[in-house]
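A.B. asks: Here you go, sequence then predicted model.
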Amino acid sequence: MSVKIGDVSYKDRIDKGIENDFMRQAVSSAQGRFRKGRLSQAEELGNWEDWRQLGSEIRTHTLENIDYYLYQLSEQVEKRGGNVFFAQTAEEANEYIENVVKKKQAKKVVKTKSMVTEEIGLNEALEKSGAEVVESDLGEWILQLDEDPPSHIVTPALHKNRQQIRETFADKRGYDKTDSPEELAAFAREQLRHDFLTADVGITGCNFAIAESGAITLVTNEGNAEMVTSLPDTQITVMGMERLVPTWEDMEVLVSLLTRAAVGQKLTSYITAYTGTRLEEEIDGPNDYHLVIVDNGRSKILGTEFQSALHCIRCAACINVCPVYRHVGGHAYNSIYPGPIGAVLTPLLDGYDDHKELPYASSLCAACTEACPVKIPLHEQLIRHREIIVEEEKKSPVSEKIMMKGFAQWASNPAAYKLSTKVARTALKPWTKDEFVENGPGPLKGWTDVRDFPAPGKQSFRAWWNERAKGEKQNANS
Amino acid sequence: MKVSLFITCVSDIVFADVGKHTVEILERVGCEVDFPAAQTCCGQPAYNSGYLQEAKKSMKQMIKAFKNSEYVVGPSGSCVGMLKEYPHIFQGDPEWEQPAIDLANKSYEITQFLVDVLGVTDLGSTFKGRVTYHPSCHMTRVLGVKDAPQKLLQSVKGIDFVELPVKEDCCGFGGTFSVKNPEISREMVKEKSQHVSETKAEYLVGGDMGCLMNIGGRMRREGKDVKVVHITEILNTHSEGGKA
């Protein structure tokens, strides 16, 4: 897998999403819960805007000094017995990890909580080299069994409900009990426990790497990540190069924002930090530890107007408030990173060729920008993407280009503009019935396919204004 | 106080009544209203579609049209919000940056102007009917006008005001989004229409004709009998129901 998750066309993905009532209901109800939780938690904090500001400042500072903090982080990790590898590309990252796995002659790898490994296609690479890879985050495990990509950043299997999950367990693992969450979870637990105990290598992602101490932190609600980080003898952390913070204090601020913004919790059930290899007096943890820091296009974003997209702490608040996401679902974005942040990040990481529709899959309502706890101006970045698609990539439709040229001439020429206010009604007359257009021509078609369009009024405002002014003048003279 | 009317292209061409109500309200509160005829469109359709160069042409026209105005007031949060973006768009342009800042600083959406500048929260309006209010995204999130319309509506005598469920959700208009992504837009406006129905309101009120045109157009297609009106129409009433 890579950033892109399939080859289905944009139009088909949208249709498929909209036709999937099952998914839409699941997404809609989850969005409702998450949004409510976020708002009540933000309210409880009282000074949410100050916290957001602080979060944004920490992210800005970190990115502006990212070389310094990455160096500090790697020094600290090595000091604590770990190996650090900087991977420029997905291939470099996969090759390094494959080599670690091969050297250990590992048969089984347990993984958890990593989007960046999805981004670089690590599972496929490891399976090709002969190791079994088990996703152990519950949502990820369900998706792995079902051979389905994630559709959400925090809750990857959000698009499925428990009946579907029951079916997956039954088809793939012979599950024969009910769809009650308790029974489903107990079954998953029993299945996964075996994998934790028999795995040779554990691979996790990273919520925040602490530069000052070399610690890696994970924020979870299941406890599965703790099994991955404490049982296998060899540990690999894979992190996007921006996922670091300078200090523990900074981490505290960002975790507070993350858990509230993601699922409306003050804290999650588990916030784990692990550092380097096992010390002599310790009873668990790895003897062999590797930190793989992945660039894969990120450094190209640094120093550009999109830099703040790297602020993202993967809370998915933007996804949870996005009405477009609600109706089309995460798979419609055809990216590991769905929703508004996905629409911003995906073309940055993977180019415009396969993703040129994404920046337009937004009504620019700015709910995402408002919800983002680290103040990424998401809807503004979508506009900026559109500018690049139009002006630099030259990928906009010819008909649209002609229309916009026409717009510029119309709107910069008051006489032409005034004329149009006079003739608009007549121009639309052939399609007008009872003061509405129900089946419009040209660019109106998209509109009238799904709703009626009001016919231009009998008199434009400016005509009324001029008449009124004339009348007043006459009154004054008489 | 001298106020220049920014009528917005949609109101000028399609909804002239919105402009008339705006003029009458401003005159009622003692403003001297003028209408700079050189104004066109704020540039939003081109800007939001990525056509920055084309958008700038209309923006420059708007800057010129309102050059001598003291206050610029318009009946659309979205279009006024666009004027507020001009300084950012012309940042670093030696010729246009300062004029862009000047225009942004003197521009207001009508309810914002009434409440925040003039301190008027009660226009002495009377309106009988069950009314719900859709706060447009650009009005609330881009322009930052949240309370002013509600304050004014709540002061209307006789009004039966009911909150719209999940009112902060976008109606699916989004300018060219509505024609570029009609299927997604349809699902969004269907949901909005459903929420309006849940309120059993006779009137849906808003501060932006783009959104109202979208929701109204959808509800008409669905055969629903809800009257969709701009907030100035409610505020400009003195007698029972309907128009002034």
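C.D. replies: Noted; the coordinates are in hand.

A.B. asks: Could I get the full set of strands for the chain?
C.D. replies: In the absence of a named chain, this looks at chain A. Taking DSSP state E, the strands of chain A run over residues A:82-87, A:108-112, A:132-135, A:201-204, A:208-210, A:215-220, A:234-240, A:244-245, A:270-274, A:288-294, A:432-433, A:436-437, A:453-454.

A.B. asks: oops, I was thinking of chain B
C.D. replies: Applying DSSP E to chain B gives strands spanning B:2-5, B:32-34, B:71-74, B:107-109, B:126-134, B:157-161, B:203-206, B:227-230.

A.B. asks: partners of the fourth one in the sheet?
C.D. replies: The strands that strand B:107-109 pairs with in its sheet are strand B:71-74 (parallel) (by DSSP bridges).

A.B. asks: which one of the strands of chain B is the most hemmed in?
C.D. replies: For these, the largest average neighbour count (mean count of other C-beta atoms under 10 Å in any protein chain shown) is found in strand B:107-109, namely a mean of 27. Any C-beta I mention is one placed from the backbone N, CA and C, and that applies to glycine too.

A.B. asks: which other residues reach that strand?
C.D. replies: Residues from elsewhere that reach strand B:107-109 (C-beta atoms under 8 Å, 6 or more residues apart in numbering or on different chains): B:6, B:66, B:71-77, B:80-81, B:83-84, B:116-117, B:139, B:143, B:145, B:148, B:207.

A.B. asks: next one: stretch A:29-42
C.D. replies: By C-beta under 8 Å, 6+ apart, the residues outside stretch A:29-42 that reach it are A:48, A:155, A:158, A:260-266, A:316-317, A:320-321, A:325-326, A:371.

A.B. asks: now the contacts of strand B:107-109: which count as buried?
C.D. replies: Buried by 16 or more other C-beta atoms under 10 Å in any protein chain shown: B:6, B:66, B:71-77, B:80-81, B:83-84, B:139, B:143, B:145, B:148, B:207, out of the contacts of strand B:107-109.

A.B. asks: could I get the strands of chain B as JSON lines with mean pLDDT?
C.D. replies: As requested, the strands of chain B are exported to JSON lines (pLDDT from 0 to 100):
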{"stretch": "strand B:2-5", "mean pLDDT": "98"}
{"stretch": "strand B:32-34", "mean pLDDT": "97"}
{"stretch": "strand B:71-74", "mean pLDDT": "98"}
{"stretch": "strand B:107-109", "mean pLDDT": "98"}
{"stretch": "strand B:126-134", "mean pLDDT": "96"}
{"stretch": "strand B:157-161", "mean pLDDT": "96"}
{"stretch": "strand B:203-206", "mean pLDDT": "98"}
{"stretch": "strand B:227-230", "mean pLDDT": "97"}
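
A.B. asks: before we move on, the earlier item: sort out for me which of the contacts of strand B:107-109 are in helices.
C.D. replies: Applying DSSP state H to those, the entries found in helices are B:77, B:80-81, B:83-84, B:148.

A.B. asks: could you list every residue that touches residue 153?
C.D. replies: Assuming you mean chain A. Residue A:153 sits next to A:115, A:314-316, A:319, A:337-339, A:341 when contact means C-beta under 8 Å, 6+ apart.

A.B. asks: wrong chain, I was asking about chain B
C.D. replies: If a contact means C-beta under 8 Å, 6+ apart, then residue B:153 has B:131, B:133, B:159, B:161, B:205, B:231, B:234-235 as its contacts.

A.B. asks: May I ask which two of the residues you listed are separated the most?
C.D. replies: Of all pairs drawn from the contacts of residue B:153, the greatest distance, 13.1 Å, lies between B:161 and B:235 (C-beta to C-beta).

A.B. asks: so how many other residues sit close to the residue lying closest to residue A:267 once chain neighbours are set aside?
C.D. replies: Distance criterion C-beta to C-beta, 6 or more residues apart in numbering or on different chains; nearest residue to residue A:267, sequence neighbours excluded, is residue A:259 at 5.5 Å. Residue A:259 has 22 neighbours, counted by other C-beta atoms under 10 Å in any protein chain shown.

A.B. asks: State whether residue A:232 and residue A:198 are indeed in contact, as I suppose.
C.D. replies: No. Counting by C-beta atoms under 8 Å, residue A:232 does not reach residue A:198; the two are 9.3 Å apart.

A.B. asks: The nearest residue to residue B:66 once chain neighbours are set aside and residue B:7, how far apart?
C.D. replies: Distances taken as C-beta to C-beta, 6+ apart put residue B:72 closest to residue B:66, at 5.0 Å, once the chain neighbours are dropped. Counting by C-beta to C-beta, to the nearest Å, the separation of residue B:72 from residue B:7 is 11 Å.

A.B. asks: same check, this time on residue A:200
C.D. replies: Here the criterion is C-beta to C-beta. By it, residue A:200 lies 71 Å from residue B:7.

A.B. asks: These two: which has the busier surroundings?
C.D. replies: Under the criterion of other C-beta under 10 Å, the comparison of residue A:200 against residue B:7 puts residue B:7 first, with 29 against 17.

A.B. asks: The nearest residue to that one once chain neighbours are set aside: neighbour count?
C.D. replies: Nearest residue to residue B:7, sequence neighbours excluded (C-beta to C-beta, 6+ apart): residue B:19, at 4.7 Å. Counted by other C-beta under 10 Å, the residues lying close to residue B:19 total 26.

A.B. asks: Surely residue B:19 is in contact with residue B:11?
C.D. replies: Yes. With contacts counted by C-beta under 8 Å, residue B:19 reaches residue B:11, the gap being 5.1 Å.

A.B. asks: Nearest the geometric middle of chain B, what residue?
C.D. replies: Nearest residue to the geometric centre of chain B (C-alpha atoms, centre = their mean): residue B:76, 1.9 Å.

A.B. asks: Need the distance between the two termini of stretch A:253-271.
C.D. replies: Taking C-alpha to C-alpha, to the nearest Å, the first and last residues of stretch A:253-271 lie 13 Å apart.

A.B. asks: same thing with stretch A:305-317?
C.D. replies: This stretch, stretch A:305-317, spans 22 Å end to end (C-alpha to C-alpha).

A.B. asks: Pull out the buried positions in that stretch.
C.D. replies: For stretch A:305-317, the buried set under the neighbour-count rule, 16+ other C-beta under 10 Å, comprises A:306-317.

A.B. asks: Quick check: residue B:98 vs residue B:91, distance?
C.D. replies: Computed as C-beta to C-beta, the residue B:98 to residue B:91 distance reads 11 Å.

A.B. asks: Same question for residue B:146.
C.D. replies: Distance, residue B:146 to residue B:91, by C-beta to C-beta: 27 Å.

A.B. asks: out of the two, which sits in the more crowded spot?
C.D. replies: Neighbours were counted for residue B:146 and for residue B:91 using other C-beta under 10 Å; residue B:146 has more, 14 against 11.

A.B. asks: right, and that one touches residue B:135 too?
C.D. replies: Yes. Look at residue B:146 against residue B:135 with C-beta under 8 Å: they come within range, at 6.9 Å.

A.B. asks: where does the chain dip in pLDDT?
C.D. replies: Using chain A. For chain A, the stretches with pLDDT under 70 are A:1, A:478.

A.B. asks: look at chain B instead
C.D. replies: Low-confidence segments of chain B, defined by pLDDT under 70: B:239-244.
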